[in-house]
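In: Fold the following for me, if possible:
(chains A and B)
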Amino acid sequence: MQTQAPKIIVVMGPTASGKSGVAIKLAQKFNGEIISADSRQVYKGLDIGSGKVDGVWSMEHGAFVSENVLHHLIDVAEPMEDYNISHFKKDAEKIIGEIIGRGKIPIICGGTNFWIDSITNNTIIPEVAPDELLRSMLRSKTTEELFEELRRLDPERAKNIDAKNPVRLIRAIEICKALGKVPKLSVVSCKLSVKKYDFLQIGIKTEREELNAKIQKRLNERFDEGMIQEVESLQKNGVTYEWLERIGLEYRWISRFLQDKVGLDEMKKLLYFDIIHFAKRQMTWLKRNKDIIWLDKYEDIEKEVKNFL
RNA sequence: GGGCGGAUGGCAGAGCGGUCAAAUGCUCCGCACUGUAAAUGCGGCGCCUUCGGGCUACGGGGGUUCGAAUCCCUCUCCUCCCA
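Out: The predicted model follows:
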């Protein structure tokens, strides 16, 4: 008699597709807890702009509580702090274990698909922490020089890397300096090895036009809720414009506006375009994942989950 | 009514006799993704193509020229200025 692998529900989809709402309903219905997979919602103070659900952080549960549902991995880092996929993977796996231990269903929900995949594919992340000193040294080199250097260090990795992408090249070199070469992504074949978890991957299907309209609507609401003030106060409390610029989208564009680099209307327009492009990039990523079941109606999603459990 | 300046690809906007199917930016379409991933990067964007090219194009019409988005005439529309 084989014991069944614990079941995990994953809710994916582009920004503004309504993931959070679906995840909350599923959690309520099936006794679940949500693990947020959102690289911006991990930061305290990034609330309106990152689209956090309304709720409060509860000491008692050690998690964020919204509509009586526990949300993990929200507000777990200070702005400017380094919280990346490696932290996420470790934290999420620990929390998954805890949720299962409580006899509840883990529901992973978020827009950071790179992070989600690290759980569902059990990606091996090289144990090499960012080396800011090395990075800043490498940044002064041209992309060609970086590529040459990587080719010297690890010809294998150089074969498939995007030779024009400095961020990727620098990271690859960083790994080489620490480990000698970049380890292969995944070695173990899933079919033969015992699967640790059983995933149901749900994608929220949304037509492009409908999604764009939702994005616009949500953006207006966020401005009404005081998103500009949010960024202003973050900055006043010591969060640098440089960091906010890197965080992207609303934080990037509002920072530019606050620095008078762009007018209000222009900023709103360009931000809207950027969000749309972001949604498209998310879809490009999601399209490759053949395990995703794409549904648009909540009732269908609920049915699918019921079946799965 | 008179005068000035304009009219360029989906938009903005360069070009001002050949090297222009036309810079640049945006939109739009597509793609990648090994510790920044809301980040970062790449490709396409008049039509057809056997990938050599071919065709139609810079408001309409006419002209000058070997050659015109670029010069001239004229028509239409627009900005501004004078009445």
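
In: What number of residues are in the vicinity of the residue of the stretch 101-250 of chain A found nearest RNA strand B?
Out: For the stretch 101-250 of chain A, the residue closest to RNA strand B is A:Gly248, as judged by C-beta to the nearest atom of the strand, at 2.1 Å. (Glycine included, C-beta is placed from N, CA and C.) Number of residues near A:Gly248 (other C-beta atoms under 10 Å) recorded here: 15.

In: Just list the residues touching it, thanks.
Out: Neighbouring residues of A:Gly248 by C-beta atoms under 8 Å, 6 or more residues apart in numbering: A:40, A:274, A:278.

In: and A:Ile34, that one's in a strand?
Out: Yes - assigned with DSSP: H, G, I helix; E, B strand; the rest coil, A:Ile34 falls within a strand.

In: what's it in contact with, if anything?
Out: A:Ile34 makes contact with A:23-24, A:27, A:69-72, A:107-109 under the criterion C-beta under 8 Å, 6+ apart.

In: Now the phi/psi pair for A:Val11, please.
Out: phi -110, psi 120 (degrees, to the nearest 10).

In: check contacts around the residue lying closest to it once chain neighbours are set aside.
Out: Closest residue to A:Val11 apart from its sequence neighbours, by C-beta to C-beta, 6 or more residues apart in numbering: A:Cys109 at 4.1 Å. A:Cys109 sits next to A:10-12, A:19-20, A:22-23, A:34-37 when contact means C-beta under 8 Å, 6+ apart.

In: what bridges to A:Cys109?
Out: Note on A:Cys109: beta-bridge partners by DSSP bridges are A:Val11, A:Ser36.

In: With A:Ile116 as the reference, measure out to it.
Out: 9 Å (C-beta to C-beta, to the nearest Å).

In: what residues are shared contacts of the two?
Out: With C-beta under 8 Å, 6+ apart, A:Cys109 and A:Ile116 have common neighbours A:10, A:12, A:37.

In: RNA strand B: which of the residues you listed is nearest?
Out: Using C-beta to the nearest atom of the strand, A:Ala37 comes nearest to RNA strand B of the shared contacts of A:Cys109 and A:Ile116, at 8.7 Å.

In: tell me the contacts of the closest one?
Out: Contacts of A:Ala37 by C-beta under 8 Å, 6+ apart are A:73, A:88, A:92, A:108-112, A:115-116, A:119.

In: restrict those residues to those near RNA strand B?
Out: A:111-112, A:115 (C-beta under 7 Å from any atom of the strand).

In: I'd like the residues you listed as a markdown table, with secondary structure, neighbour count and pLDDT appended.
Out: Output for the ones next to RNA strand B among the contacts of A:Ala37, formatted as a markdown table (DSSP: H, G, I helix; E, B strand; the rest coil; neighbours: other C-beta atoms under 10 Å; pLDDT from 0 to 100):
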| residue | secondary structure | neighbour count | pLDDT |
| --- | --- | --- | --- |
| A:Gly111 | coil | 26 | 94 |
| A:Thr112 | coil | 20 | 97 |
| A:Trp115 | helix | 24 | 97 |
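
In: Any chance of those residues in a markdown table with distance to A:Glu127 as columns?
Out: As requested, these are arranged in a markdown table below (distance: C-beta to C-beta, whole Å):
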| residue | distance to A:Glu127 |
| --- | --- |
| A:Gly111 | 26 |
| A:Thr112 | 21 |
| A:Trp115 | 17 |
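
In: tell me the average confidence for stretch A:58-78?
Out: Averaged across stretch A:58-78, the pLDDT comes to 89.
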